[in-house]
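Sequence and predicted structure below; questions after.
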Amino acid sequence: MALTTAPVELVSLDGSVTINDSSADVDFRVESDGNQHMLFVDAGNDRVHIGKSTSGLANQGVEFEDGQIKGTATNQTVQFLNRASSAGTILDLRLDNTTKGEIAVESTGLVINEASADLDFRIESDSNANMFLVDAGNERVQIANLLLGEITGSTDIIQSTSSDGLLLDVAGDIILDADGADILLKDGGTQFGKIGKGGGSDLIIDASIADKDIFLMGTDGSSAITALTLDMSNAGAATFNDSVTASAVTSTGGMFSGGSNGGIRIHSGGAKFFNVTAANAAQDATMDIGAADARFKDLYLSGGVFLGGTGSANQLDDYEEGNWTPTIQSTGTATFSNASYTKVGRLVTAHCIISSISNTSSTNTFAISLPFSAGLTDRATTIGSITSYVAEDIEGGYVASSGVLYLYINSTGAYRPLKHSDFQASPASAIYLAFTYMAT
């Protein structure tokens with residue numbers, strides 16, 4: 001040991017040195033150029049200070065006590081850890097000399113648990129011990145009740161264990177981008193639905209469980225409603241809660257429209273229109289078409305109407321109005337005008353004016369043609385007439401088997417057909433005629 005004065009060094013020690021070997025309450029202090037306590041051993045409090053003499057984090061400097069290192073730096077970094085030359089562990093955290101965590105540095109940044117050990121990383125909040133947890137053994141991250149990780153080696157998981165559900169709240173849009181083209185909906189691990197992309201980029205909504213329906217629901221005012229039901233146990237039959245407005249409706253498998261008291265159905269073949277029960281079963285004679293204050297305007301039919309029954313005798317299959325050209329069916333000529341008819345089913349009512357009848361000296365029977373072929377022959381028919389310069393009033397008519405109409409008069413108490421000789425040429429005879437008969 002040697003002590004000298006400047007410019008020679010003051011102390012030179014060869015061998016070990018013990019200061020305060022008697023453990024007395026005697027401090028040890030080393031000054032620097034600008035700090036009296038650059039190194040200060042506080043013997044009474046068993047502390048070592050660097051850059052200060054007073055304990056406490058309020059004072060700038062470093063202190064060591066009972067294995068603790070405390071440092072304070074004003075407006076600058078407190079502590080630097082620098083691993084030179086190579087990347088690797090810079091801080092080894094231990095419990096009873098067993099590593100519980102490592103912090104490593106590398107060229108790209110900071111790494112925690114670089115050795116991939118089964119050591120969790122956890123951050124607590126005020127009331128949640130696992131506010132942020134890296135579950136190393138299960139390869140998952142937990143944020144509060146939200147789990148992030150893998151179910152299998154190829155499927156990732158975002159799972160919430162909270163009974164209050166999961167809230168996704170963003171200022172912009174929520175985008176679900178699945179390159180597998182499907183978004184699967186599950187409950188307790190069981191798939192019940194799927195939203196997917198079909199061929200041609202179609203959108204597919206799929207009820208994955210057999211015979212389970214799809215419901216479109218909402219709130220009308222304060223009432224919950226089911227606006228649309230798609231019945232998957234009935235080939236996807238659609239039931240709307242209320243009216244449907246559409247520019248056009250096309251159905252290839254039949255159509256049903258009704259309520260609790262029944263409705264109407266168009267047969268799948270498109271050839272029948274049914275009155276049905278609420279269960280879509282045919283029912284007979286229960287529905288009106290229109291009402292006294294809700295009438296339809298025009299009805300266009302290419303077939304017939306069955307009135308009061310379903311047999312052929314109840315079928316009204318024709319109605320028409322028109323003009324016809326009568327012809328004389330006996331010798332001679334006549335002029336016909338204003339010839340018209342009304343045909344309801346088989347019943348024909350015809351009108352005409354007959355004038356300028358020739359051959360008035362002949363005793364041949366006078367007969368005219370009909371607008372339609374007669375369905376019943378050898379039958380009397382109803383006649384209405386006004387005659388002018390005819391020998392006798394016309395009392396009735398007769399449709400002969402030949403399909404022509406004969407006019408009958410009462411001559412001296414006996415009925416006989418009208419003859420040409422019953423007319424006169426001047427002044428000329430005329431008949432305003434109306435008659436009814438049955439056509440084929």
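It's in.

Could I get the contacting residues of the residue lying closest to residue 113 once chain neighbours are set aside?
Spatial nearest neighbour of residue 113, excluding adjacent residues (CB to CB, 6 or more residues apart in numbering): residue 119 at 5.7 Å. (C-beta placed from N, C-alpha, C; glycine too.) For residue 119, the contacting residues are 99, 100, 101, 113, 136, by CB atoms under 8 Å, 6 or more residues apart in numbering.

7 Å instead, please
Residues in contact with residue 119 (CB atoms under 7 Å, 6 or more residues apart in numbering) are 100, 101, 113, 136.

Just the buried ones among those residues, please.
Buried members of the contacts of residue 119, counted by 16 or more other CB atoms under 10 Å: 101, 113.

what's the closest of the contacts of residue 119 to residue 142?
Taking CB to CB as the measure, residue 136 is the one of the contacts of residue 119 closest to residue 142, at 11.6 Å.

backbone phi and psi for the closest one, please?
Per-residue torsions, residue 136: phi -70, psi -40 (degrees, to the nearest 10).

So residue 421 belongs to a helix, correct?
Yes. Counting by DSSP: H, G, I helix; E, B strand; the rest coil, residue 421 is found in a helix.

Can I get stretch 22-36 in CSV, CA atoms only?
This file holds the C-alpha atoms of stretch 22-36, laid out as CSV (Å, rounded to 0.1, in the frame of the first residue of the first chain):
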residue,chain,number,x,y,z
SER,A,22,-15.8,-3.9,12.7
SER,A,23,-19.3,-3.1,11.3
ALA,A,24,-19.5,0.2,13.1
ASP,A,25,-22.1,2.9,12.2
VAL,A,26,-19.5,4.7,10.1
ASP,A,27,-20.4,5.9,6.6
PHE,A,28,-18.1,5.6,3.6
ARG,A,29,-18.2,8.3,1.0
VAL,A,30,-16.4,9.0,-2.3
GLU,A,31,-16.6,12.4,-3.9
SER,A,32,-16.4,13.3,-7.6
ASP,A,33,-15.6,16.6,-9.1
GLY,A,34,-19.2,17.9,-8.7
ASN,A,35,-20.9,15.5,-6.3
GLN,A,36,-20.0,15.0,-2.7
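
Distance check, the residue most central in space within the chain against residue 165.
Taking CA atoms, centre = their mean, the centroid of the chain lies closest to residue 216, which sits 6.5 Å from it. Separation of residue 216 from residue 165 (CB to CB, to the nearest Å): 22 Å.

go on, residue 339?
From residue 339 over to residue 165 (counting by CB to CB), the distance is 86 Å.

Same check on residue 109?
On the measure of CB to CB, residue 109 and residue 165 end up 35 Å apart.

ok, what's across the strand from the nearest residue to residue 354 once chain neighbours are set aside?
Spatially, and ignoring its direct neighbours in sequence, residue 354 is nearest to residue 431 (4.4 Å; CB to CB, 6+ apart). In this entry, residue 431 is beta-bridged to residue 354, residue 387, by DSSP bridges.

Quote the end-to-end distance of stretch 92-102.
With CA to CA, to the nearest Å as the measure, stretch 92-102 spans 5 Å from end to end.

Run through who's touching that stretch.
The contact list for stretch 92-102 (CB under 7 Å, 6+ apart) reads 89, 91, 112, 113, 114, 115, 119.

what's the spacing between that stretch and its chain's center?
Put simply, stretch 92-102 sits 59 Å off its chain's centre (CA atoms, centre = their mean, to the nearest Å).

can you check stretch 136-143 too?
The answer for stretch 136-143 is 39 Å, by CA atoms, centre = their mean.

For it, list every residue counted as buried.
Of the residues in stretch 136-143, 140, 142 count as buried by neighbour count, 16+ other CB under 10 Å.

now swap in stretch 212-227 and tell me
Neighbour-count burial for stretch 212-227 flags residue 213 (criterion: 16+ other CB under 10 Å).

same question, stretch 248-264
Within stretch 248-264, the residues scored as buried using 16+ other CB under 10 Å are 256, 258, 262, 263.

Do me a favour and get the end-to-end distance for it?
Using CA to CA, the end-to-end distance of stretch 248-264 comes out at 18 Å.

Show me what that stretch is in contact with.
By CB under 7 Å, 6+ apart, the residues outside stretch 248-264 that reach it are 265-268, 273-278, 280, 283, 286.

Just the ones of these in strands?
With strands taken from DSSP state E, the overlap with these comprises 265, 266, 273, 274, 275, 276.

what's the closest non-adjacent residue to the fourth one?
Right, residue 274. Nearest residue to residue 274, sequence neighbours excluded (CB to CB, 6+ apart): residue 265, at 4.4 Å.

ok, residue 293 - contacts?
Residue 293 is in contact with no residue at all, counting by CB under 7 Å, 6+ apart.

How about the one 3 residues further on?
Contacts for residue 296 (CB under 7 Å, 6+ apart) come out as 289, 290.

shouldn't residue 352 be in contact with residue 326?
Yes. Assessed by CB atoms under 7 Å, residue 352 is found in contact with residue 326 at 5.4 Å.

Kindly point out which residues are neighbours of both of those two.
In contact with both residue 352 and residue 326: 336, 339, using CB under 7 Å, 6+ apart.

what about residue 241, distance to residue 221?
14 Å.

nope, residue 349 is what I was after
For residue 349, the distance to residue 221 equals 60 Å [CB to CB].

and if you look at residue 350?
As for residue 350, its distance to residue 221 is 64 Å (criterion: CB to CB).

would the residue nearest to the centre of the chain count as being in a helix?
No. Using three-state DSSP, the assignment for residue 216 is strand, not a helix.

can you pull the pLDDT of it?
Note on residue 216: pLDDT of 96.

Using the three-state scheme, assign the residue nearest to it when sequence neighbours are not counted.
In this structure, residue 216 finds its nearest non-sequential neighbour in residue 228, 4.0 Å apart by CB to CB, 6+ apart. Under three-state DSSP, residue 228 falls in the strand class.

doesn't residue 240 make contact with residue 228?
Yes. Using CB under 7 Å, residue 228 is in contact with residue 240, at 5.7 Å.

The two - which one has more neighbours?
residue 228 (15 against 12; other CB atoms under 10 Å).

if I look at the more buried one, how far off is residue 99?
From residue 228 to residue 99 the distance is 62 Å (CB to CB).

Same question for residue 359.
From residue 359 over to residue 99 (counting by CB to CB), the distance is 140 Å.

who has more neighbours, these two?
Set side by side, residue 359 and residue 99 show more neighbours around residue 359, with 19 against 14, by other CB under 10 Å.

which non-adjacent residue is nearest the more buried one?
Sequence neighbours aside, residue 332 is the residue nearest to residue 359 in space, at 3.2 Å (criterion: CB to CB, 6+ apart).

And the pLDDT at the one you found?
Model confidence at residue 332, given as pLDDT, is 86.
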